[in-house]
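Student: Any chance you can model this:
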Amino acid sequence: MKAFGPIPSGFEGKDGELAIGGRKVSALAEEAGGTPLFVYSRRAIERRIADLRAAMPKRLAVHYAMKANPFAPVLQMMAGLADGFDIASGGELELALASGMAAQDISFAGPGKRDAELEAAIAAGVTINLESPGEAHRALAIAERLGKKPRLAIRVNPAFELRGSGMKMGGGAKPFGMDEALVVPLARKLIAAGAEWRGLHIFAGSQSLDARALIEAQSNTLDLAARLTDGIGAPLPYLNMGGGLGIPYFPKDEALDIAAIGTALSEQFADLPDALANTHFAIELGRYLVGEAGVYLTRVIDRKGSHGHTFLVTDGGLHHVLAVSGNFGSVVRRNYPIAIATQFEAEPAEEVTVVGCLCTPLDRLGDEVMLPRAAVGDIVAIFATGAYGASASPSAFLGQGPAREMLV
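Tutor: Take a look at the predicted model:
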């Protein structure tokens, strides 16, 4: 038997079933037209953002990194809750603008921006976080051709990294951002060329559950921003401090101590160097805001035994939740939080392996887990799937197609 991760708080049973937004999963699946289905809890997202704002200093803006979940109803909701959006493609730019988020509150990062994407961003008036001197040259040329004043910032590849990060975005050779030595001369060039100088973007890593490591990285970020600003010789209008706040997925994972991070950042803001005295600060978060609000629902279509093991075969799979199968950034596969949603309040009764419908041994959703006895027709719930699920999985694999999605 293998353990699985902790079910996020806020989910409860109703008449023996898992309920989301006060509605039973069987009713949600019927309304959606069947399973597989992602359900995102509006209440969970609102509570997460409210708790975050309560913990963080008032001066800190909260941006939504929409790559985590670009479902249109989620974006429309987030446009009213977040202070800005962070995007990573021209397609995301279109979705962000359609959501109602103002162009001036959108920033565009990513190491491979095409000329057409730069042109669309400059025309719309969003901030471009430049990733290389070459990209800066292209952006200035496009802006001159359009007769537009571009809003430009520089993404920095810091020499430090976020300790314990699930994905390190800084420290050493990286395709993201510019090495520190390149920043000052390029910033001066941008200002001299007449661009609207928008500041710095410093993102050291993501998916950390270590408050001390995050506090250290934020302190390093502020120190680096101050040093670079002194070198540039112009005020720093904006500092995007990146994200990095993780959520618990696996056994023994513990929720991040957000209060400790907020207290430390408040102390740092109270003692800022002169170079950052009038700077606007933002943190960009995706997974932390929406990850635990999502539940993937997939129906059992077969029970089978093999060499003494019981398999529950479902109508879903890794083509919708690639990370759950252990094939999206994991070195060792571990079990996400999982439950039999239609027997949510029943006691565990058997050890099973939950698999998807794909013809590959990689398609495992729950490996040797203890669950209530499930029959054909029961619904399996996999939690913490609100981020990097539907949009980060190979839905076209084997012709299966995408899952349904709904916000409740």
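
Student: CA atoms for contacts and neighbours, from now on please.
Tutor: Noted.

Student: Report the secondary structure element holding residue 79.
Tutor: helix 72-81 (DSSP states H and E).

Student: what's in contact with the next helix or strand after that helix?
Tutor: Toward the C-terminus, helix 72-81 is succeeded by strand 84-87 as the next helix or strand (DSSP H and E). Residues from elsewhere that reach strand 84-87 (Cα atoms under 8 Å, 6 or more residues apart in numbering): 62-67, 79, 93, 96, 101-102, 105-109, 284.

Student: at 6 Å instead, please
Tutor: 63, 64, 65, 105, 106, 107, 108 (Cα atoms under 6 Å, 6 or more residues apart in numbering).

Student: ditto for stretch 250-268
Tutor: Contacts for stretch 250-268 (Cα under 6 Å, 6+ apart): 4, 5, 55, 56, 57, 209, 211, 215, 248, 336.

Student: Which members of those are the farthest-apart pair?
Tutor: Using Cα to Cα, the two most remote members of the contacts of stretch 250-268 are 4 and 57, lying 34.5 Å apart.

Student: Quick check: what element follows the helix or strand hosting residue 123 along the chain?
Tutor: Residue 123 belongs to helix 115-124 when assigned by DSSP H and E. The helix or strand immediately downstream of helix 115-124 is strand 127-130, counting by DSSP H and E.

Student: partners of that next one, with directions?
Tutor: strand 106-108 (parallel), strand 151-157 (parallel) (DSSP bridges).

Student: Any chance of those strands in CSV with mean pLDDT as columns?
Tutor: Listed next are the strands paired with strand 127-130 as CSV, based on pLDDT from 0 to 100:
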stretch, mean pLDDT
strand 106-108, 98
strand 151-157, 96
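
Student: how about those, which one is nearest residue 378?
Tutor: Closest among the strands paired with strand 127-130, using Cα to Cα: strand 106-108, at 42.4 Å.

Student: next one: the closest one to chain centre, how far?
Tutor: 15 Å (Cα atoms, centre = their mean, to the nearest Å).

Student: highest average neighbour count across the strands paired with strand 127-130?
Tutor: For the strands paired with strand 127-130, the largest average neighbour count (mean count of other Cα atoms under 10 Å) is found in strand 151-157, namely a mean of 27.

Student: and the angle from that one to helix 115-124?
Tutor: 130 degrees (axes from the mean of the first three to the mean of the last three Cα atoms, to 10 degrees).

Student: hmm, back to that, report the rounded mean pLDDT for the helix holding residue 123.
Tutor: Mean per-residue pLDDT for helix 115-124: 98.

Student: Run the chain-centre distance for it.
Tutor: 24 Å.

Student: re the thing from before, flag every buried residue along the helix holding residue 79.
Tutor: 72, 73, 74, 75, 76, 77, 78, 79, 81 (16 or more other Cα atoms under 10 Å).

Student: could you redo those as TSV and give each row distance to residue 367 and pLDDT?
Tutor: What follows is those, written out as TSV (distance: Cα to Cα, whole Å; pLDDT from 0 to 100):
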residue	distance to residue 367	pLDDT
72	33	98
73	33	98
74	31	98
75	33	98
76	36	98
77	35	98
78	34	98
79	38	98
81	37	98
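
Student: Tabulate those in JSON lines, adding columns for distance to residue 332.
Tutor: Formatted as JSON lines, those follow (distance: Cα to Cα, whole Å):
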{"residue": "72", "distance to residue 332": "33"}
{"residue": "73", "distance to residue 332": "34"}
{"residue": "74", "distance to residue 332": "31"}
{"residue": "75", "distance to residue 332": "32"}
{"residue": "76", "distance to residue 332": "36"}
{"residue": "77", "distance to residue 332": "35"}
{"residue": "78", "distance to residue 332": "33"}
{"residue": "79", "distance to residue 332": "36"}
{"residue": "81", "distance to residue 332": "36"}
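
Student: how much space is there between residue 395 and residue 68?
Tutor: Applying Cα to Cα, to the nearest Å, the value for residue 395 to residue 68 is 16 Å.

Student: If you could redo that for residue 82, that was the one I meant.
Tutor: The spacing between residue 82 and residue 68, counted by Cα to Cα, is 14 Å.

Student: do the same with residue 184
Tutor: Counting by Cα to Cα, the gap from residue 184 to residue 68 is 31 Å.

Student: Count residues in the vicinity of residue 103, would you?
Tutor: 18 (other Cα atoms under 10 Å).

Student: same deal with residue 133?
Tutor: 17.

Student: again, but for residue 7
Tutor: Based on other Cα under 10 Å, the number of other residues close to residue 7 is 18.

Student: now the strands: where do they sit in the stretch 301-408 of the chain?
Tutor: 309-314, 338-340, 350-355, 364-371, 379-383, 404-407 (DSSP state E, counting those that start in this stretch).

Student: okay, these, which one's buried deepest?
Tutor: strand 379-383 (a mean of 26).

Student: Counting by contacts, list what it packs against.
Tutor: strand 294-306, strand 338-340 (3 or more Cα pairs under 6 Å, 6 or more residues apart in numbering; DSSP states H and E).
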